[in-house]
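# Turn this into a model:
(one chain, ligands or ions: 1)
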Amino acid sequence: MSVPVITIDGPSASGKGTVAAIVAQRLGFHYLDSGSLYRLLALHARRQGVAWHDEPALAELAGSLPAAFVQGAVLLDGNDVSMEIRAEEIGIGASKVAALPAVRAALLQRQRAFGVAPGLVTDGRDMGSVVFPQAAVKIFLTASADERASRRYKQLIGKGESANLPQIKQDIIDRDSRDAARAVAPLRQEPDAFLLDTTELTIDQAVDTVLRRFGQYQ
Ligand code: C5P
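Below you'll find the predicted structure:
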């Protein structure tokens, strides 16, 4: 029997990571935040002095990315970089390296390796379309740009960081259009993915919707 996989794709700051992590915990499944791999690569490249547009060098780095996921922490070269990879600048670098076909190819098997028993919940942009096309449940999770900007704003203020709402909204819109316009694995809702618009939903309501859909599949 194949391992059950739930994919949650969607635009940046939609809350898909939060929802995916809770669903994974409720089901006792593994969890893969695929965006963290692109973020790790962007950070690793910067540390190695490799430009975010140097496709052959980036693909080589991606093939041997010294990354590990340990109890919710993201490690690079054995050091916890969980906070560092969340920086806005690294997010921008991630979306640049992620647009390169050789980089995506180099990270494909690494992502698929997470699909092991008892099951996997994973979030990203192409998890249902490219990485796990046979997934049991595919969700396209989104929210309005205003709502996503406001969530990101509250998150930053909550962490004691300074934040500019119009700038955050513009960054979100720019990143979405870069992710949607790229030639390889663009951000889009697959025909077989369930559209979950969380603009008016709480996290719990979004989690329940995903769990109900998984319940219907079983
Ligand atoms: O989801 P997150 O914001 O952490 O992802 C960072 C960037 O990595 C995204 O803007 C996107 O360009 C890229 N990404 C991707 N495919 C995925 C996950 C993330 O292209 N499956």
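
# touching the ligand at all, the biggest helix by length in the chain?
Taking DSSP state H as the criterion, the chain has its longest helix at helix 165-181. Yes - for helix 165-181, a contact with the ligand is found by Cβ under 6 Å from any ligand atom, at 175, 179. Quick note: C-beta positions are derived from backbone N, CA and C, even for glycine.

# Beyond that helix, next helix or strand please.
Counting by DSSP states H and E, the next helix or strand C-terminal to helix 165-181 is strand 194-197.

# Pairing partners for that next one, with directions?
Using DSSP bridges, the strands paired with strand 194-197 are strand 137-142 (parallel).

# hmm, the partner strand in reach of the ligand?
No - applying Cβ under 6 Å from any ligand atom, one finds strand 137-142 out of contact with the ligand, separated by at least 11.3 Å.

# quick check, residue 121 in a helix?
No - counting by DSSP: H, G, I helix; E, B strand; the rest coil, residue 121 is not part of a helix but strand.

# Point me to the helix or strand that includes the residue nearest to it when sequence neighbours are not counted.
Closest residue to residue 121 apart from its sequence neighbours, by Cβ to Cβ, 6 or more residues apart in numbering: residue 24 at 3.9 Å. Using DSSP H and E, residue 24 maps to helix 16-27.

# how is this structure carved up into domains?
1-29+118-218, 34-116 (automatic domain parsing).

# for the first one, what is the average pLDDT?
Along domain 1-29+118-218, the predicted local confidence has a mean pLDDT of 94.

# Spell out which parts of this protein neighbour the ligand.
Close to the ligand, as judged by Cβ under 6 Å from any ligand atom, the chain has residues 12, 34-35, 38-39, 91, 94-95, 98, 124-127, 175, 179.
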